[in-house]
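S.K.: what's the 3D shape of this:
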Amino acid sequence: MLSRLSRHYFCSISPQPWLFVGLGNPGDKFKGTRHNVGFEMIDAFAEAVGIPMDTVHCKALFGKGFVNGVPVFLAKPQTYMNLSGESSGPLAAYYKLPLNRVIVFHDDMNLPCGVLRLHHNGGHGSHNGLKSVIHNFRGNTLFPRLRIGLLVKWIQKHFCCKSLMRLLGNGTKGKGEKADFTFWVH
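M.R.: Residues are numbered from 1 along each chain as shown. Take a look at the predicted model:
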């Protein structure tokens, strides 16, 4: 998926940068929890393309580098999920990026486990992190987002993602348990 994303979005004449924002919660106690798949995806992408995430900028763990000659900024807001916009809004403003150059990575409990969907715009879908981002983008919803599926019923039905099953339990138990989210980047 990320290789397709790379080919589709980075084969551009414009050297204008991209900002990838992964939604999640900071701190060791949240590592591997379902809300942190946005963070995990940013980490996997950063590792795959060799971008170090070693600075703090606009309340986010931040890294910058290049993919196919195009500047890319990676951010993991350290404000907690429900306040993610307090970081992503100022980052987009600081770099003077149009919102169509900002991609937000977030969990989606309505998509089957492991399914990734790239949307060019849309609402928050009751996702508090997206609500905050939209609020800090002054109500503008015209930014792409990568939805990362974690649907419980699909997991149970298809016996996939065993680590996610442990994380989610039967939808009521084990929500705080940790799992190892692994993403493959080709």
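S.K.: so where's this protein uncertain?
M.R.: Applying pLDDT under 70 to the chain flags the ranges 1-14, 121-126, 152-186.
S.K.: Let me see the ranges of the strands in it.
M.R.: Using DSSP state E, the strands of the chain run over 18-22, 55-57, 60-67, 70-77, 102-112, 116-119, 145-151.
S.K.: want to try a markdown table for those strands, with distance to residue 35 and mean neighbour count as columns?
M.R.: The C-beta positions use only the backbone N, C-alpha and C, and glycine is treated the same way. As requested, the strands of the chain are arranged in a markdown table below (distance: least, Cβ to Cβ, whole Å; neighbours: other Cβ atoms under 10 Å):
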| stretch | distance to residue 35 | mean neighbour count |
| --- | --- | --- |
| strand 18-22 | 11 | 26 |
| strand 55-57 | 20 | 13 |
| strand 60-67 | 16 | 20 |
| strand 70-77 | 12 | 23 |
| strand 102-112 | 6 | 21 |
| strand 116-119 | 16 | 15 |
| strand 145-151 | 9 | 23 |
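S.K.: what residue is smack in the middle of this protein?
M.R.: Closest residue to the average C-alpha location of the chain: residue 105 at 2.1 Å, with Cα atoms, centre = their mean.
S.K.: give the contact list for it.
M.R.: By Cβ atoms under 8 Å, 6 or more residues apart in numbering, the contact list for residue 105 reads 20, 21, 22, 23, 37, 38, 41, 42, 145, 146, 148.
S.K.: Redo the strands of the chain as TSV? Include distance to residue 33.
M.R.: Output for the strands of the chain, formatted as TSV (distance: least, Cβ to Cβ, whole Å):
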stretch	distance to residue 33
strand 18-22	13
strand 55-57	22
strand 60-67	17
strand 70-77	14
strand 102-112	9
strand 116-119	19
strand 145-151	10
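S.K.: for these, which one sits closest to residue 137?
M.R.: strand 102-112 (8.1 Å; Cβ to Cβ).
S.K.: Which neighbours in the sheet does the closest one have, and how are they oriented?
M.R.: strand 18-22 (parallel), strand 145-151 (parallel) (DSSP bridges).
S.K.: Pull the number of nearby residues for residue 98.
M.R.: 11 (other Cβ atoms under 10 Å).
S.K.: From the contact counts, what lies against the lengthiest helix in the chain?
M.R.: Secondary structure assigned by DSSP state H gives helix 37-49 as the longest helix of the chain. For helix 37-49, the contact count by 3 or more Cβ pairs under 8 Å, 6 or more residues apart in numbering; DSSP states H and E identifies helix 2-10, strand 18-22, strand 60-67, strand 70-77, strand 102-112, strand 145-151 as packing neighbours.
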